[in-house]
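Asker: 3D model of this:
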Amino acid sequence: MKYSESLPSPRFAAVVKCYWSIESDDIAHVPQPVLPDGCTEIVFNLADRFERLHFDGGVEIQPRVLVAGQMRKGISIQPTGKVHLFGVRFLPAGAFGFLGSPMSELTDRIENAINIFGRSIDSMLDRLAEATSFQVKINAFEDLLDCYGDRVFSRSPELGYALDVISEDDPPIAQVANRLGWSERRLERTFKERVGLSPKTFSRINRFQRLLRLLESDTSVDLAAAAIDCGYYDQPHMNRDFASFAHTSPKAFLDASHRISELFVVGE
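Answerer: Numbering: from 1, shown residues only. Have a look, this model is predicted:
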């Protein structure tokens with residue numbers, strides 16, 4: 001399996017977190033978890049389709065180009081053949097200006113990009129399919145971003161500060177609002193509009209991702225110690241939060257094979 005990841009050009013560093021690509025001709029056709037990470041993504045499928053496996057046993061073929069909004073629960077996907085994906089991972093509030101609608105409308109949804117952009121997205125899919133390298137794909141997508149002009153850069157400095165503080169220090173949400181001189185209600189309203197999550201849920205996902213990075217980098221880690229290191233009150237608190245997002249326990253997650261999802265945590 002070939003995994004590539006790259007930062008955006010400086011012009012889009014305030015909007016896009018990274019670009020990524022996965023290519024494989026022989027990946028096992030087994031379920032792979034996709035877990036909440038606090039970001040909205042656009043994913044272009046340049047090879048065989050993926051299936052989404054619903055917990056009620058249903059199977060849903062995924063669109064060629066999809067927009068994945070903020071997730072509050074993990075989902076399960078499965079390749080059906082060759083894999084060639086190109087993805088754009090936006091910063092937590094980075095997709096708001098590009099998509100041009102409240103991010104809460106996409107929360108817990110995977111939307112066919114045609115429903116958002118119309119058939120114009122097909123021409124981008126064609127350009128990516130013809131691209132001769134990962135960098136050429138990046139250039140093609142940034143050409144698309146350029147077409148949207150300054151709308152892409154719609155930002156709230158106060159929200160940016162709140163996102164940074166929560167990501168780095170994980171303080172009480174009331175404290176974050178107080179630092180801004182905002183009410184908690186205003187902070188929550190702004191988060192839901194521009195991020196797609198409440199501040200509390202974003203904080204929980206950020207802590208969950210911190211734990212995932214630790215588990216993937218050290219599979220022998222002591223789970224009780226990991227809970228404290230990642231900001232949980234104790235191991236039971238960690239286990240409850242983990243089960244809420246991943247539908248399993250940290251130990252069961254470590255014991256399972258999840259080749260695709262682990263690439264997004266630590267890279268290859």
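Asker: give the contact list for L211.
Answerer: 226-227, 230, 232, 238, 242, 250 (C-beta atoms under 8 Å, 6 or more residues apart in numbering). All C-beta atoms are positioned from the backbone trio N, CA, C, and that covers glycine.
Asker: in this protein, which helix has the most residues?
Answerer: helix 199-217 (DSSP state H).
Asker: downstream of it, the next helix or strand is which one?
Answerer: Using DSSP states H and E, the helix or strand that follows helix 199-217 in sequence is helix 223-229.
Asker: and that next one, what does it pack onto?
Answerer: In this structure, helix 223-229 makes packing contacts with helix 199-217, helix 235-246, helix 250-255, judged by 3 or more C-beta pairs under 8 Å, 6 or more residues apart in numbering; DSSP states H and E.
Asker: so which residues of the stretch 51-200 of the chain form strands?
Answerer: For the stretch 51-200 of the chain, applying DSSP state E, counting those that start in this stretch gives strands covering 59-61, 65-68, 75-79, 83-90, 110-112.
Asker: just want the angle from the longest one to strand 75-79.
Answerer: Spelled out, it's strand 83-90. Between strand 83-90 and strand 75-79, the angle comes out at 150 degrees (axes from the mean of the first three to the mean of the last three C-alpha atoms, to 10 degrees).
Asker: so the helix or strand hosting S4 versus strand 83-90, what angle?
Answerer: For S4, the enclosing helix or strand under DSSP H and E is strand 2-6. Interaxial angle, strand 2-6 versus strand 83-90 (the same axes, to 10 degrees): 20 degrees.
Asker: just the buried residues of strand 2-6, please?
Answerer: 3-5 (16 or more other C-beta atoms under 10 Å).
Asker: got a markdown table for the residues you listed, with distance to G57 and pLDDT too?
Answerer: Compiled in a markdown table, those are given as follows (distance: C-beta to C-beta, whole Å; pLDDT from 0 to 100):
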| residue | distance to G57 | pLDDT |
| --- | --- | --- |
| Y3 | 30 | 93 |
| S4 | 34 | 95 |
| E5 | 34 | 97 |
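Asker: measure the residue nearest to the spatial centre of the chain to V221 for me?
Answerer: By C-alpha atoms, centre = their mean, the mean C-alpha position of the chain lies nearest to C39, the distance being 3.8 Å. With distances taken as C-beta to C-beta, to the nearest Å, C39 is found 25 Å from V221.
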